[in-house]
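K.L.:
Mind looking at a prediction? Sequence and model below.
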Amino acid sequence: MKPIVRINQLNLYYGSFHALKNVSMDIPEKEITAFIGPSGCGKSTLLRTLNRMNDMIPGTRIEGSVEIDGQDIYGDHVEVEALRRKVGMVFQQPNPFPKSIYDNIAYGPRLHGIHSRSKLDGIVEKSLRQAALWDEVKDYLKRSALGLSGGQQQRLCIARALAVQPDVLLMDEATSALDPISTLKIEELVQELKSSYTIIMVTHNMHQAARISGNTVFFLNGEVIEAENTQKLFSNPRDSRTEDYISGRFG
Ligand code: ADP
């Protein structure tokens, strides 16, 4: 296993509240890693540390280190914009810009200096194909993204994240606002994407984690209780708290 993310002795505080406690883990490249655990145990908090979204929350303090591709992302001279290009994010609620489908996808590449029409056309098509949305929207690229269904909007947000060629894609409960069919589509899509991207997903749905991830990390009260191959964690957990959680005894 080649780790792309290495987290070492990470502590995170919101003011005086200790939200992540001595978290250490390696996350393998081109795999799907799922973060599971009861609500409020720190899953989203850890996800946000991986592209420094936590910088935007006043009063947040961290100790320890996070390396991505060998770079300490909290070190000096880190360009946060460049980091967020490398580590894209998809949120629980689809959040397309109030722009056309085309302009949603072209937004990031334009920001990074790509203005050639033919290049942008190529990126838009490739990204929409990767997000399994091209066939549904190819004749309507000039229409507002806000006219798409929730499931389509979420695939558009995935396409928008892919358009800047990230290495890592963070997904924070990205299917929890969607209907079962859209959820299934996104799960299939994520499984296809893992051949090219490292995917780290927070899910409150442990069946989803069991279905699609290769590795699962179980959190409780800001601590990592167990990080394991998904099949192993669900069939033969090491820790009794993991067992209690996956068998539905709490959470
Ligand atoms: P999860 O994703 O597992 O539901 P979170 O990472 O959202 O958990 O939250 C972990 C803990 O940190 C919770 O107790 C939550 O109330 C607290 N928390 C999350 N975000 C903030 C914030 N912006 N300010 C203060 N506390 C927060």
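P.N.:
Sure, I can see it. Note that the coordinates shown come from a computational prediction; the quantities given were computed from them, not determined experimentally.
K.L.:
give me the element His18 is part of.
P.N.:
Following DSSP states H and E, one finds His18 within strand 17-28.
K.L.:
Which residue is it, in the stretch 101-250 of the chain, that comes closest to the ligand?
P.N.:
When distances are taken as C-beta to the nearest ligand atom, the stretch 101-250 of the chain reaches nearest to the ligand at Val202, 5.9 Å away. For the C-beta atoms, the positions are set from N, CA and C on the backbone; glycine is no exception.
K.L.:
So that residue is in contact with Phe35, correct?
P.N.:
Yes. Here Val202 reaches Phe35: they are 4.7 Å apart, a contact under C-beta atoms under 8 Å.
K.L.:
More neighbours: which of the two?
P.N.:
Each of Val202 and Phe35 has its neighbours counted (other C-beta atoms under 10 Å); Phe35 has more, 28 against 25.
K.L.:
Next one: the nearest residue to that one once chain neighbours are set aside, what pLDDT does it get?
P.N.:
In space, and not counting its chain neighbours, Phe35 is closest to Lys43: 4.2 Å by C-beta to C-beta, 6 or more residues apart in numbering. With respect to pLDDT, Lys43 scores 98.
K.L.:
So for stretch 169-180, what gets flagged as buried?
P.N.:
Leu169, Leu170, Met171, Asp172, Glu173, Ala174, Thr175, Ala177, Leu178 (16 or more other C-beta atoms under 10 Å).
K.L.:
what about the last one, which SS state?
P.N.:
Yep, that's Leu178 we're talking about. Put simply, Leu178 is coil when judged by DSSP: H, G, I helix; E, B strand; the rest coil.
K.L.:
That one contacts Ser149, doesn't it?
P.N.:
No. Leu178 lies out of contact with Ser149 (C-beta under 8 Å); the separation is 9.2 Å.
K.L.:
where along the stretch 1-150 of the chain do the strands fall?
P.N.:
Shown for the stretch 1-150 of the chain, the strands assigned by DSSP state E, counting those that start in this stretch span residues 3-14, 17-28, 32-36, 60-68, 71-72, 87-90.
K.L.:
Contacts for the fifth one, please.
P.N.:
By that I understand strand 71-72. Ser65, Val66, Val78 (C-beta atoms under 8 Å, 6 or more residues apart in numbering).
K.L.:
Look up how far Ala209 lies from the residue lying closest to Asp172 once chain neighbours are set aside.
P.N.:
Spatial nearest neighbour of Asp172, excluding adjacent residues (C-beta to C-beta, 6+ apart): Val202 at 5.0 Å. Per C-beta to C-beta, to the nearest Å, Val202 is found 10 Å from Ala209.
K.L.:
Next step: the buried residues of stretch 169-180 restricted to strands.
P.N.:
Leu169, Leu170, Met171, Asp172 (DSSP state E).
K.L.:
could you redo the residues you listed as CSV and give each row pLDDT and distance to the ligand?
P.N.:
Listed next are those as CSV, based on pLDDT from 0 to 100; distance: C-beta to the nearest ligand atom, whole Å:
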residue, pLDDT, distance to the ligand
Leu169, 98, 17
Leu170, 98, 12
Met171, 98, 12
Asp172, 97, 8
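K.L.:
can you list those in a markdown table and add distance to Ile158?
P.N.:
Below are these laid out as a markdown table (distance: C-beta to C-beta, whole Å):
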| residue | distance to Ile158 |
| --- | --- |
| Leu169 | 8 |
| Leu170 | 11 |
| Met171 | 8 |
| Asp172 | 13 |
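K.L.:
if you go through the stretch 51-200 of the chain in chain order, where are the helices?
P.N.:
80-86, 101-111, 117-130, 134-137, 150-162, 180-193 (DSSP state H, counting those that start in this stretch).
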